[in-house]
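Q: got a predicted structure here, sequence first:
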Amino acid sequence: MVVQKDRRPVADTTFNQPRRFPEGDKIRFTSLHNKRMFLWRKRPGQPDQIASGQAMADETEQEPRFICDDHLGKLARYLRVGGFDTLFDKGIDNSRLIQISLDEKRHILTRDRRLIERRLVRYYFLVNDDRWQNQIKAVIEHFGLSFSLSRLFTRCLEDNTLIEKVDKKDVERLVFPYTYEHHSEFYRCPACGRIYWSGSHIEVMLDRLKDAGIDIRE
Ligand SMILES: [Zn+2]
């Protein structure tokens with residue numbers, strides 16, 4: 001079972017109308033969704049029409065990016081398998097997590113209700129299930145994501161960096177001779193140097209995704 005909440009007031013038509021505010025004014029409004037007050041300050045050079053609901057929707061219009069809390073390592077790993085930009089740092093403290101979420105407009109994926117009730121938290125999705133299989137299905141459904149073959153295994157599973165194809169001869173000394181002999185395509189993470197190839201471990205992860213009921217498109 002999953003409790004889904006999203007702080008974006010997309011259905012909140014109260015604030016969808018453009019409003020005019022004098023430059024430099026502080027503008028207060030309440031999101032009906034979370035019963036919290038936000039404070040907006042118009043900066044010089046910004047357009048003087050502010051449509052708050054629209055603005056907040058626009059901010060996350062691109063494909064959603066994520067940051068998982070301390071307990072959702074498996075979820076983060078399988079989102080990375082699908083090519084989705086997902087940060088996870090075991091041991092990260094909540095203040096840092098929230099700061100990254102705000103700076104990079106990343107949705108916090110968490111099981112911790114107290115975390116999302118913190119004042120600054122703005123983008124989040126509350127997961128209410130222990131199993132990564134159910135967690136990832138809930139995330140997929142909530143954010144309208146789809147797994148496609150072309151994007152699978154495009155990110156380093158350890159650190160989220162996009163991996164790069166490398167010439168086979170360049171990895172000869174970096175992988176076991178058997179692996180080198182039996183595979184033709186290799187990829188490398190530019191951040192940590194890990195080498196990836198299409199081996200049995202990848203098949204296992206794909207099987208797990210399929211077993212979890214995840215559709216993988218061509
Ligand atoms: Zn890496």
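A: Yes, it's here.
Q: report the central residue of this protein.
A: Using C-alpha atoms, centre = their mean, the residue of the chain that lies closest to the mean C-alpha position is F66, 1.9 Å off.
Q: the protein - how does it break down into domains?
A: 13-59, 65-147, 164-217 (automatic domain parsing).
Q: avg pLDDT for the longest one?
A: Averaged over domain 65-147, pLDDT sits at 95.
Q: again with the first one
A: This predicted structure assigns domain 13-59 an average pLDDT of 34.
Q: repeat that for stretch 152-159.
A: For stretch 152-159, the mean per-residue pLDDT is 94.
Q: now the domains of the chain as CSV including distance to L157?
A: Backbone N, C-alpha and C define where each C-beta goes, glycine included. Formatted as CSV, the domains of the chain follow (distance: least, C-beta to C-beta, whole Å):
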stretch, distance to L157
domain 13-59, 28
domain 65-147, 5
domain 164-217, 8
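Q: so which of the ones you listed is the most packed in?
A: Across those, the average number of neighbours (mean count of other C-beta atoms under 10 Å) peaks for domain 65-147, which reaches a mean of 18.
Q: distance between that one and the chain's centre?
A: 6 Å (C-alpha atoms, centre = their mean, to the nearest Å).
Q: ok, now how distant is the residue nearest to E218 when sequence neighbours are not counted from R217?
A: Spatial nearest neighbour of E218, excluding adjacent residues (C-beta to C-beta, 6 or more residues apart in numbering): L149 at 5.7 Å. L149 sits 7 Å away from R217, taking C-beta to C-beta, to the nearest Å as the criterion.
Q: re earlier: isn't the residue nearest to the centre of the chain right up against T110?
A: No - at 10.3 Å, F66 and T110 do not qualify as touching, with contact defined as C-beta atoms under 8 Å.
Q: host element of R118?
A: Of the helices and strands defined by DSSP states H and E, none includes R118.
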